[in-house]
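**Q** Just a sequence and a predicted model for now, questions to come.
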Amino acid sequence: MNLEKLRGMLGYPGAVLGGIGLLTSGALALADRATLDDIKAAQDLDMKQSLTQVLPGQYDNDMLKDTLTLPGPDGEQLTVYRARRAGQVVAVVFKVQARGYAGPIVSMMGVDRDGKMLGVRVIKHTETPGLGDKIEPAKGEWIHSFAGKFLGNPPAEKFAVKKDGGVFDQFAGATITPRAVVKSVKGGLAFFAKEKARMLADTTVIAGTLAPTSTPLDV
């Protein structure tokens with residue numbers, strides 16, 4: 001067999017495979033681009049549902065667009081979602097987390113402008129099913145015990161589970177899990193107290209930037 005002809009035959013499968021690879025990569029890229037809007041819409045819907053759960057009531061702004069980024073308690077960048085009525089910031093929502101039994105427990109917490117808890121929901125955890133997962137509202141009422149609480153009610157030394165001398169219930173066989181949630185919420189209230197002026201600053205979001213308004217706030 002002619003050597004040049006053999007070389008051509010050997011190169012043909014490689015070229016075909018290369019072409020198939022390029023076509024597949026292109027198809028995947030197009031599919032990824034086509035689903036970006038759907039993925040973003042699903043993420044926004046999920047976040048709106050989380051905000052609604054920790055912020056009861058009606059608000060007249062789009063909280064997904066009315067945000068503020070601040071250095072969090074652990075140095076990470078923390079997004080604060082702000083709820084308004086008549087242009088005034090009346091409540092904020094942000095994430096908090098602490099180490100549970102099996103890993104980090106991430107929660108969303110809503111706080112009104114006076115520092116009172118409006119609600120808490122755990123949005124991510126890997127705690128033991130049947131024990132630690134009682135922090136989920138579908139598994140029990142425990143997570144609702146934070147509503148109405150603030151720093152001072154209970155006193156700082158009582159803002160803990162009962163096993164540690166506090167007022168919050170723990171779970172039989174799973175004290176570490178509720179202890180972590182209580183710790184994160186207490187830390188979140190302290191963070192709000194520290195950053196209250198910036199969180200409630202009288203600003204509005206215009207095209208992704210913050211612009212001052214003329215209405216004074218009682219901070």
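**A** Sure thing, it's come through.
**Q** C-alpha from now on. contacts and neighbour counts both.
**A** OK.
**Q** Find the nearest non-adjacent residue to residue 165, please.
**A** residue 158 (6.3 Å; Cα to Cα, 6 or more residues apart in numbering).
**Q** thought the one you found was touching residue 166?
**A** Yes. With contact defined as Cα atoms under 8 Å, residue 158 reaches residue 166; the gap is 4.0 Å.
**Q** which SS state does the nearest residue to residue 92 once chain neighbours are set aside fall under?
**A** Excluding the flanking residues, the one nearest residue 92 by Cα to Cα, 6+ apart is residue 82, at 4.5 Å. Under DSSP: H, G, I helix; E, B strand; the rest coil, residue 82 falls in the strand class.
**Q** residues in contact with residue 82?
**A** Remark: with contacts taken as Cα atoms under 8 Å, 6 or more residues apart in numbering, residue 82 is in contact with 63, 66-68, 89-93, 199.
**Q** How about residue 149?
**A** 116-117.
**Q** The contacts of residue 82 in strands, which ones?
**A** Those of the contacts of residue 82 mapping onto strands are 67-68, 89-93, per DSSP state E.
**Q** In those, find the pair that's most separated.
**A** The distance between the two most remote of the ones in strands among the contacts of residue 82 (Cα to Cα) is 14.4 Å, for 68 and 90.
**Q** Between these two, point out the one with more neighbours.
**A** residue 68 (20 against 16; other Cα atoms under 10 Å).
**Q** of all the contacts of residue 82, which two lie farthest apart?
**A** 68 and 90 (14.4 Å).
**Q** how would you label the residue nearest the centre of the chain: helix, strand or coil?
**A** Ranked by distance to the mean C-alpha position of the chain (Cα atoms, centre = their mean), the top residue is residue 95 at 4.7 Å. The three-state label given to residue 95 by three-state DSSP is strand.
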